[in-house]
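A.B. asks: Please find the sequence and the predicted model below.
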Number of protein chains: 2
Amino acid sequence: MKNVPLILITNDDGISAPGIRALVDAVKDLGEVIVVAPDSPQSAMGHAVTISKPLRLDKTTHFEGISSYQCSGTPADCVKLAVDKILHRKPDLLLSGINHGSNSSINVIYSGTMSAAVEGAIEGIPSAGFSLCDFAYDADFSLASKTVRQVALSILNNGLPNGVLLNVNVPKINEDECKGIKICRQALAKWEEDFDQRIDPNGRTYYWLTGKFVNYDKGDDTDEWAISNGYVSIVPVQFDLTAHNAIAYLNQWSF
Amino acid sequence: MKNVPLILITNDDGISAPGIRALVDAVKDLGEVIVVAPDSPQSAMGHAVTISKPLRLDKTTHFEGISSYQCSGTPADCVKLAVDKILHRKPDLLLSGINHGSNSSINVIYSGTMSAAVEGAIEGIPSAGFSLCDFAYDADFSLASKTVRQVALSILNNGLPNGVLLNVNVPKINEDECKGIKICRQALAKWEEDFDQRIDPNGRTYYWLTGKFVNYDKGDDTDEWAISNGYVSIVPVQFDLTAHNAIAYLNQWSF
């Protein structure tokens, strides 16, 4: 047997979340699957890594017939630990998710699911993050699972350009309602914060982060448009954050 | 008195770090300065936001004559709380730092300092993050302070393009050794992980994240080149992570 693909799987909802189980089930026959995922939910962790405390990494039996580990750190920590301490070679594919909830548009910035995929791409691993636009614990992952398999096979067959990973978002619809997969750009949208201010039993104020998602982008080539119109969105994402177009403008400044 | 600039200041090393004091001192005469910073170090927090626990926000007296608050959350939380709960209007400028340690090249992804500036840009605030390439607590901030003032004045005078913020890194050199400011792109570089594996007193294994920084980029237009050659580097940064060049390639895939 030659060149069985090595597939690293992680997420940010934690190793016991239904979404990562759906992901594993969707691709476990495509190669050798290894799971390294957080031992607890790490949503909205962005690209945090753990430097001020040590990490734990323990073998688990969460997935029958699949080698799996849980880590006390963030999704990005999981990828780093997997690459350095667990995997015998660089994987052929990194899949993160399936996230319970959307990571479209600006959410790519806050998402632990996507940070794991970004970390994979930094490591030179073809990587993709998957999210289902349904926060429910018992969400229906059928369309998302089908999508994972399609995208995983496409990446294994075609590869990805250097420095590019995929942000895949699946709308909350049935398989037969889905119009297909659409390659998109990240919509210009943001969260308008509205902290919920409360008083604790000791009389001290505390705040819960809440907010309203506002899409300023009218384009029909965005991930938000696709998801709202019955498509799975795929945004190619890069970790070169340089605003190359702004370099000429800034060079006009005199310091 | 009309149109005094409102300047929001934050960091990731925490409100008591010398770097944020240097930043405040460098610009406090340029407008009305308000500090909202983490109450403890938040390095490497990436773009984490706090959603699973409530936040605390308390007025402090860290800076004489300057309104200041400390927050239990991340740098991005600080910006969100400031905008929603503290500031009477959108600030004219957000400055984050001065970080104790470099945030050049790929470090922009992991940096709490830079995530605060990214969050500012998402909010539509002209924003910049500043880092001194010296991790020492008692580092010499003179060149960095001079740079902060130059950049802050330039932004106030010229503005920044929509969706663009600045990542400013100051080399560990004296003022008279500095050759000037260079507008750069983010170097293609990464950390090669090398986790330090130890055994705790109970016999269980734990890991410390360590690594070696490797610059794969030979370009003389990168931030790494500039810093190594006696320049302050400024990289314009965007939060649209779309790899626009990859869209045509992906559209060739058949699903």
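C.D. replies: That came through, no problem. Note that this is a predicted model, so its numbers are computed, not measured.
A.B. asks: what about the longest helix in chain A?
C.D. replies: Ranked by residue count and defined by DSSP state H, the top helix of chain A is helix A:142-158.
A.B. asks: and that one, is it in reach of chain B?
C.D. replies: Yes - for helix A:142-158, a contact with chain B is found by CB under 8 Å from any CB of the partner chain, at A:Q150, A:V151, A:S154, A:N158. Where C-beta positions appear, they are placed from N, C-alpha and C, glycine not excepted.
A.B. asks: do stretch A:79-91 as well
C.D. replies: Yes - using CB under 8 Å from any CB, stretch A:79-91 reaches chain B at A:K80, A:L81, A:V83, A:D84, A:K85.
A.B. asks: List the buried residues for that stretch?
C.D. replies: A:V79, A:K80, A:L81, A:A82, A:V83, A:D84, A:K85, A:I86, A:L87, A:P91 (16 or more other CB atoms under 10 Å in any protein chain shown).
A.B. asks: do stretch A:18-29 as well
C.D. replies: Buried positions in stretch A:18-29, judged by neighbour count with 16+ other CB under 10 Å: A:G19, A:I20, A:R21, A:A22, A:L23, A:V24, A:D25, A:A26, A:V27, A:K28.
A.B. asks: quick one: the fifth one from chain B, how far?
C.D. replies: Yep, that's A:L23 we're talking about. 18 Å (CB to the nearest CB, to the nearest Å).
A.B. asks: Check the offset of the host helix or strand of that residue from the chain's centre.
C.D. replies: In this assignment (DSSP states H and E), A:L23 forms part of helix A:18-27. Averaging C-alpha coordinates over helix A:18-27 and over its chain gives two centres that are 13 Å apart (CA atoms, centre = their mean, to the nearest Å).
A.B. asks: any idea which helix or strand comes after that helix?
C.D. replies: strand A:32-38.
A.B. asks: ok, and does the helix or strand just after that next one reach over to chain B?
C.D. replies: Heading C-terminal from strand A:32-38, the first helix or strand you meet, by DSSP H and E, is strand A:57-60. Yes - under the criterion of CB under 8 Å from any CB, chain B is reached by strand A:57-60 at A:L57.
A.B. asks: C-terminal to strand A:57-60, what's the next element?
C.D. replies: strand A:67-71.
A.B. asks: And chain B, is that following strand touching that?
C.D. replies: No - shown here: strand A:67-71 not in contact with chain B (CB under 8 Å from any CB), separated by at least 8.9 Å.
A.B. asks: Mind checking which of the residues of helix A:142-158 next to chain B are buried?
C.D. replies: Among the residues of helix A:142-158 next to chain B, those buried by neighbour count (16+ other CB under 10 Å) are A:Q150, A:V151, A:S154.
A.B. asks: Reformat these into JSON lines and put distance to B:S40 and pLDDT next to each item.
C.D. replies: Below are those laid out as JSON lines (distance: CB to CB, whole Å; pLDDT from 0 to 100):
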{"residue": "A:Q150", "distance to B:S40": "45", "pLDDT": "97"}
{"residue": "A:V151", "distance to B:S40": "40", "pLDDT": "98"}
{"residue": "A:S154", "distance to B:S40": "44", "pLDDT": "97"}
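A.B. asks: and which of those residues is nearest to A:K179?
C.D. replies: Nearest to A:K179 among these is A:Q150, at 14.1 Å by CB to CB.
A.B. asks: Skipping its backbone neighbours, what lies nearest the closest one in space?
C.D. replies: B:F255 (5.1 Å; CB to CB, 6 or more residues apart in numbering or on different chains).
A.B. asks: wait, isn't the one you found in contact with A:I155?
C.D. replies: No - in this structure, B:F255 is not within contact of A:I155 by CB atoms under 8 Å, at 11.6 Å.
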